[in-house]
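Q: Next come a sequence and a model predicted from it.
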Amino acid sequence: MGSESHVFVATVLIDMYSKYGYIEEARRVFDQVVQMNSLLWTSMIIGYAQSGRASDALELFEHLVTKESYLPGHICFTAGLTACSHAGFPEQGIK
């Protein structure tokens, strides 16, 4: 299996664990991936936001943009805005 297959499987696992409330397991999968891509970052940010952990979602989004120097796509950006909305941080969303 190539690295693209591993990323696909990891993304699906993150999504599944997040939806069933196993956000720590989702994070473990996320942390084990060697070759990160936008789908993985977005899946983890969405997982945090949907699990009521908006602060973690925003922290991860911030890390992605500042430390990884990544320009988020529209889906990832929407995930960040969703986290701001759930957390009650409209000012963060405007930034």
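A: Yes, it's here.
Q: All the helices of this protein, residue numbers only.
A: 3-19, 23-32, 38-50, 54-66, 74-87, 90-94 (DSSP state H).
Q: Dump these into CSV; add mean pLDDT as well.
A: Listed next are these as CSV, based on pLDDT from 0 to 100:
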stretch, mean pLDDT
helix 3-19, 87
helix 23-32, 96
helix 38-50, 91
helix 54-66, 89
helix 74-87, 80
helix 90-94, 57
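Q: Comparing the ones you listed, which comes out most buried?
A: Counting by mean count of other C-beta atoms under 10 Å, helix 38-50 has the highest mean neighbour count of the helices of the chain, with a mean of 23. (C-beta placed from N, C-alpha, C; glycine too.)
Q: Can you list the helices and strands that it packs against?
A: helix 3-19, helix 23-32, helix 54-66, helix 74-87 (3 or more C-beta pairs under 8 Å, 6 or more residues apart in numbering; DSSP states H and E).
Q: to the chain's geometric centre, what's the distance from that helix?
A: 2 Å (C-alpha atoms, centre = their mean, to the nearest Å).
Q: Now that helix - C-alpha only, CSV.
A: Provided in CSV are the C-alpha atoms of helix 38-50 (Å, rounded to 0.1, in the frame of the first residue of the first chain):
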residue,chain,number,x,y,z
SER,A,38,-4.9,19.0,4.1
LEU,A,39,-7.5,16.3,4.4
LEU,A,40,-5.9,15.0,7.6
TRP,A,41,-5.7,18.4,9.2
THR,A,42,-9.2,19.3,8.2
SER,A,43,-10.6,16.0,9.5
MET,A,44,-9.0,16.5,12.9
ILE,A,45,-10.1,20.1,13.1
ILE,A,46,-13.7,19.1,12.2
GLY,A,47,-13.5,16.2,14.6
TYR,A,48,-12.6,18.5,17.5
ALA,A,49,-15.2,21.1,16.6
GLN,A,50,-18.0,18.5,16.3
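Q: so that helix versus helix 74-87, what angle?
A: Relative orientation of helix 38-50 versus helix 74-87 (axes from the mean of the first three to the mean of the last three C-alpha atoms, to 10 degrees): 20 degrees.
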